[in-house]
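Student: Model the structure of this input:
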Amino acid sequence: MQVAVPRETAPGERRVALVPETVSKLRAAGFEVRIERAAGSDAGFADDEYAAAGAELVDAAALTSGLDCIARVARPSAEDVPARIRQATGGRGADVVLEMSGHPRGLRDGLRALGNGGWVSLLGLPSGPVDIDLANEVIFKEAHLAGVFGRRMWETWEQASALLNMGLDITPVITHRFPLERFEEAFALLQSGEAGKVILYL
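Tutor: Modelled structure (predicted):
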């Protein structure tokens with residue numbers, strides 16, 4: 001099967017549908033992968049990385065010839081995620097919310113999705129004050145909120161290493177990679193709220 005990845009053209013879109021690591025996995029599974037040149041540049045992935053992963057680099061005109069599948073980035077959805085979570089849990093809501101973005105909407109949506117008596121761990125750092133419906137989303141739900149700053153040294157590292165060794169795939173949360181000298185661009189992207197996890201590499 002042949003898969004193609006075009007360069008995204010939506011205004012302000014900096015993501016790419018497949019990162020080089022995913023391309024390597026697809027190639028190992030027998031897929032042919034075709035990448036439009038510079039498709040990953042805005043996300044911090046060079047053409048050389050895709051070539052090293054086994055992708056064929058082509059111009060836009062040659063991208064779609066004889067393809068089975070085109071991989072594109074999904075546009076942000078206006079879907080009511082808390083409502084979907086409540087529907088999926090029979091109206092009960094989530095037992096635990098880990099809010100790691102620091103974005104006001106992330107916190108508000110997390111609290112709306114939370115079930116009665118649930119726990120919220122706040123790890124993300126907002127850029128300013130955040131308005132929440134304290135009465136309905138915290139007090140009446142008897143919710144437990146805990147701010148988390150730092151970690152249990154060594155223990156969490158060992159747990160993370162064990163999960164990775166068991167095959168946990170964390171690549172979906174990594175939206176961008178930049179060389180270290182482009183750190184200002186990486187930080188600006190994080191501050192814009194248009195990125196997930198950004199990796200800086202040497």
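
Student: Quick check: buried residues in stretch 129-140?
Tutor: By neighbour count with 16 or more other C-beta atoms under 10 Å, stretch 129-140 contains the buried residues 137-138. To be clear about C-beta, it is placed using only N, CA and C from the backbone, and glycine gets the same treatment.

Student: Is Pro82 located within a strand, as I assumed?
Tutor: No: secondary structure of Pro82 (DSSP: H, G, I helix; E, B strand; the rest coil): helix, not part of a strand.

Student: Show the contacting residues for it.
Tutor: 93, 109-110, 112-113 (C-beta atoms under 8 Å, 6 or more residues apart in numbering).

Student: Kindly report the same for Ala39.
Tutor: Counted by C-beta under 8 Å, 6+ apart, Ala39 has contacts 5-8, 16, 50.

Student: Considering the residues you listed, which is situated nearest to Leu98?
Tutor: Val16 (26.0 Å; C-beta to C-beta).

Student: how about the closest one, secondary structure?
Tutor: coil.

Student: From what I see, it and Ala46 are in contact.
Tutor: No: assessed by C-beta atoms under 8 Å, Val16 is found out of contact with Ala46, at 11.4 Å.

Student: what do these two both touch?
Tutor: Gly40.

Student: still on that earlier bit, most neighbours, which of the contacts of Ala39?
Tutor: Val16 (29 neighbours; other C-beta atoms under 10 Å).

Student: ok, back up a step: who wins for most neighbours among the contacts of Pro82?
Tutor: So for the contacts of Pro82 (other C-beta under 10 Å), the most neighbours sit at Gly110, 26 neighbours.

Student: Grab the nearest non-local neighbour of that residue.
Tutor: Val97 (4.0 Å; C-beta to C-beta, 6 or more residues apart in numbering).

Student: Give me the neighbour count for that neighbour.
Tutor: Neighbour tally, Val97, other C-beta under 10 Å: 25.
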